[in-house]
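S.K.: Give me a model of this one.
(one chain, ligands or ions: 1)
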Amino acid sequence: MTKKSIVVALDYDNKNDALTFIDKLDPDMCRLKIGKEMFTLFGPDLVNDIHSRNFDLFLDLKFHDIPNTVAKAVAAAADLGVWMTNVHASGGLAMMQAAKNALVPFGQDAPLLIAVTVLTSMSDEDLVLLGINVPAFEHVLRLAKLTHQAGLDGVVCSAQEAKLLKSSFGQDFILVTPGIRPAGTDAGDQHRVMTPPQAVAAGSDYLVIGRPITQAADPLAALKTIYQSLHV
Ligand SMILES: O=c1ccn([C@@H]2O[C@H](COP(=O)(O)O)[C@@H](O)[C@H]2O)c(=O)[nH]1
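M.R.: As a prediction, this is how the structure comes out:
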């Protein structure tokens, strides 16, 4: 497990609050993630603010569109110098291949490119409502197979599927797992959850953790407690 396996999801609606929190963090202890809310509110300026503080940044915009559009969006993310970005695997093989090809000109500086399989907020019952009549893990496996075929670096999945995906695609296929909940914390809208130590034991490479840290009474203490539970 990398020393920086924790990726803090910064879902703040106030930039100063986010930067005040970030300024308490050690870039050697965690990486950061911003998603649709913060990027829509604060744009590339926020990316630059975070990079100037020496953090690796996961730009979690989950692109899902036609191949040409996604390829250009992924290249724009790479231009920002982010560490990792992503697309939806449900966008299909051609879309993921176009996204991967768009990163070729960036060479060694290209961000890691991963694909979202089944959102961790979704249960088997939610999938049935979409006409997907297999358990979530089966659909995750199907989409991860497509992602692997497209040559992407890995997937976003729940830690519940990590063991299966590592045994199917090998250690180098990166597994990024949101839906992480320390024991006794509120699951909120997440359905497929695991605790941080369980997730690491199952094979997760990067644990995306938001509200259990950012909404805690003492966010820094919450992060340190999780970190220590993984590095004893
Ligand atoms: O399947 C997915 C994909 C992305 N996310 C994102 O991760 C964080 C999780 O935050 P918590 O507060 O720890 O629930 C959030 O930014 C989501 O957009 C996900 O949860 N599941």
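S.K.: got the CA coordinates for the lengthiest helix in the chain in CSV?
M.R.: Across the chain, the longest stretch assigned as helix under DSSP state H is helix 36-51. What follows is helix 36-51 as a C-alpha-only set of coordinates in CSV (Å, rounded to 0.1, in the frame of the first residue of the first chain):
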residue,chain,number,x,y,z
LYS,A,36,-18.3,18.4,-10.2
GLU,A,37,-19.4,20.8,-7.4
MET,A,38,-16.1,22.5,-6.7
PHE,A,39,-14.9,22.5,-10.3
THR,A,40,-18.1,24.1,-11.4
LEU,A,41,-17.9,26.7,-8.7
PHE,A,42,-14.2,27.5,-8.8
GLY,A,43,-12.8,26.1,-12.0
PRO,A,44,-9.1,25.7,-13.0
ASP,A,45,-8.1,28.5,-10.5
LEU,A,46,-8.8,26.0,-7.7
VAL,A,47,-6.7,23.3,-9.4
ASN,A,48,-3.8,25.8,-9.5
ASP,A,49,-4.4,26.8,-5.9
ILE,A,50,-4.2,23.1,-4.9
HIS,A,51,-1.1,22.4,-7.1
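S.K.: Return the list of helices and strands in contact with it.
M.R.: The contact analysis (3 or more C-beta pairs under 8 Å, 6 or more residues apart in numbering; DSSP states H and E) places helix 36-51 against helix 15-22, strand 31-34, strand 57-63. In this view, the C-beta of every residue, glycine as well, is placed from N, C-alpha and C.
S.K.: can you put those in a markdown table and add mean neighbour count and mean pLDDT?
M.R.: What follows is these, written out as a markdown table (neighbours: other C-beta atoms under 10 Å; pLDDT from 0 to 100):
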| stretch | mean neighbour count | mean pLDDT |
| --- | --- | --- |
| helix 15-22 | 15 | 98 |
| strand 31-34 | 23 | 98 |
| strand 57-63 | 23 | 98 |
